[in-house]
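1. Let's see this in three dimensions:
(one chain, ligands or ions: 3)
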Amino acid sequence: MSAWVDIRFLFESTCLNWASVPVPATSVIGLQWGDEAKGKIVDLLTEKHDIVVRYQGGNNAGHTVKFDGRTYKLSLLPTGVLQSHVKSVIAPGVVVNPLALLKELDGLAAGGHDCSSRLMVSDRAHVICPWHLLEEAALEKSRGREAIGTTGRGIGTCYREKVGRTHAIRIGDLIVPEVFASKVRQIVPFKQKVLSALDPECPVMDAEQIIAEYSAAADRIRPMVADTTTYLLDALEQNKWILFEGAQGSLLDVDHGTFPYVTSSNSSGCGIHSGSGIPERSIVKMIGVAKAYTTRVGGGPFPSELDNEIGNRIRIAGNEFGTVTGRPRRCGWFDAVATRYSARISGVDSITIALLDVLSGFDEVCICEAYDINGRITRDLPSRCEDLAAARPVLRKVPGWKEDISGITEFSKLPPTAQQYCRTIEEIVGRPVEFVSVGPDRAQTIHMAPRS
Ligand code: GDP
Ligand code: IMO
Ligand code: MG
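-> Ligands and ions are numbered 1, 2, ... in the order given. Predicted coordinates for the structure are as follows:
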């Protein structure tokens, strides 16, 4: 028995038995370029948890959750806000647009979910301000055909300010009126000069108007602001069950993803510790979510992309249009090279294969198991974008299945070829499959039985 099988056995015999063994801190992260159905899996696991934490990204995320015939789309808010027994935390590593936060809360309240009393926002989190959105628009415009294809939410420009330090504003500053006003009055004239140089048509900012609008938002957010780091550390000591909700996907990680076509945070498992402030070793379980195929929104290389009828068919069947921007998502075969890389860098314990139902109806389906980069065959993700752009997928063809599988809740009831497809992914990616999702609703989920 290899060491890897040993470890797998250990996890299956302990952590997967949710009812009897405490799993204090679990995380759910995306293994592709985002939109892997993390929201659905987080929602599924939330019931057993006391606290759900967002620790990176911002309102560039779009997480969809369906249950009881209703659909919820969450962007900045942790998915836990939908359940009344859960505290939801926006941790220091998140970038917060206060206006977007309130709009999202108000939208949920209008639908009968008043969640503000269950939400905590870190005083260390950084604030997205109007100049971040303007600067991002100007920078994207200047890149022309090489634009990153961002969500336009000021995420990257806010993170850049945080790392640069001189013009950054944190939530702790936002809620102290005189500190916030003084910072805005200092930053706006400087930013206006930069923005006008970047784009002469850039709108003129009004510092006093920004102060008024953000201060009104601050008055509503103030009661939610807390030192979430201490709160989470205390919760760990009290054996509370904490669920960490990743946004974006590992291949969009600023350090480990397909740079520069990435987001500006550590969206792999590497960002949990830095973004939340809890010790790395307290995460006892990490679940990586991947679609049964691959999608990407925005620019950047995508070796297994299907820019053809098959890609269109997947896009329609999977309703692959961005939750945040509505953009059509680029679709391709399952990229096991990229997913294996993601699973390895984060050290995920298990994987979830989502949207398996979307592949029903194909005579055969393909898995990209290696790249051919100018005649060199590799199973490793290249670090240079240019090499990834040159990579041609080496495809393994496997038989498809025709049946509608969206009502199946046991793995053994799936068509044998669909089972084989999941097992092939498991084998190439090198991690056990824990959940298979066959539809957007909570109930449309197969929880794999531990294997001896
Ligand atoms: P996230 O960003 O990772 O949370 O994923 P998104 O919510 O952006 O995108 C996933 C989409 O797939 C959403 O529209 C979900 O409702 C939907 N979805 C989730 N799981 C399944 C599934 O197993 N089958 C199908 N057909 N749709 C699913
Ligand atoms: P969830 O959490 C898919 C992509 C953008 C763009 C790049 C940089 O729903 O999986 P940014 O606005 O972050 O600077 O854009 O990252 N992107 C996502 N793609 N799902 C997401 O979030 C994404 N968040 C950002 O399309 O290519
Ligand atoms: Mg999404």
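2. switch to C-alpha atoms for all contacts and neighbour counts from now on
-> Noted.
3. and the stretch 351-452 of the chain, which of its residues are near ligand 1?
-> Contact residues (CA under 6 Å from any ligand atom) of the stretch 351-452 of the chain with ligand 1: 354-358, 437-440.
4. again, only this time at 8 Å
-> 353-358, 406, 436-441, 444-445 (CA under 8 Å from any ligand atom).
5. Looking at the residues you listed, which is nearest ligand 2?
-> Ligand 2 lies nearest to residue 354 out of those, by CA to the nearest ligand atom, at 13.1 Å.
6. Wait, the closest one touches residue 438, no?
-> Yes: the pair residue 354 / residue 438 is scored as a contact, 6.6 Å apart, by CA atoms under 8 Å.
7. Can you pull the domain assignment for this structure?
-> What automatic domain parsing lists as the domains of the chain is 7-124+227-447, 126-224.
8. now the ones you listed as JSON lines including mean neighbour count and mean pLDDT?
-> Listed next are the domains of the chain as JSON lines, based on neighbours: other CA atoms under 10 Å; pLDDT from 0 to 100:
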{"stretch": "domain 7-124+227-447", "mean neighbour count": "20", "mean pLDDT": "94"}
{"stretch": "domain 126-224", "mean neighbour count": "17", "mean pLDDT": "96"}
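9. For ligand 3, find the nearest of those.
-> Ligand 3 lies closest to domain 7-124+227-447 among those, at 3.7 Å (CA to the ion).
10. check whether that closest one contacts ligand 3.
-> Yes: on the criterion CA under 5 Å from the ion, domain 7-124+227-447 is in touch with ligand 3 at 35, 62-63.
11. Quick check: strands, which of those are part of them?
-> residue 63 (DSSP state E).
12. which ones among the residues of domain 7-124+227-447 next to ligand 3 come in contact with ligand 2?
-> Near ligand 2, judged by CA under 8 Å from any ligand atom, the entries from the residues of domain 7-124+227-447 next to ligand 3 are 35, 62-63.
13. can you point me to the longest helix in the chain?
-> Counting by DSSP state H, the longest helix found in the chain is helix 177-198.
14. Past that one, which element shows up next along the chain?
-> helix 207-221 (DSSP states H and E).
15. Mind giving me the packing neighbours of that following helix?
-> Packing partners of helix 207-221 (3 or more CA pairs under 8 Å, 6 or more residues apart in numbering; DSSP states H and E): helix 98-110, helix 171-174, helix 177-198.
16. Reformat those helices as JSON lines; add distance to residue 376.
-> Converted to JSON lines, the helices and strands packed on helix 207-221 look like this (distance: least, CA to CA, whole Å):
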{"stretch": "helix 98-110", "distance to residue 376": "47"}
{"stretch": "helix 171-174", "distance to residue 376": "49"}
{"stretch": "helix 177-198", "distance to residue 376": "42"}
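17. Cool, thanks, talk later.
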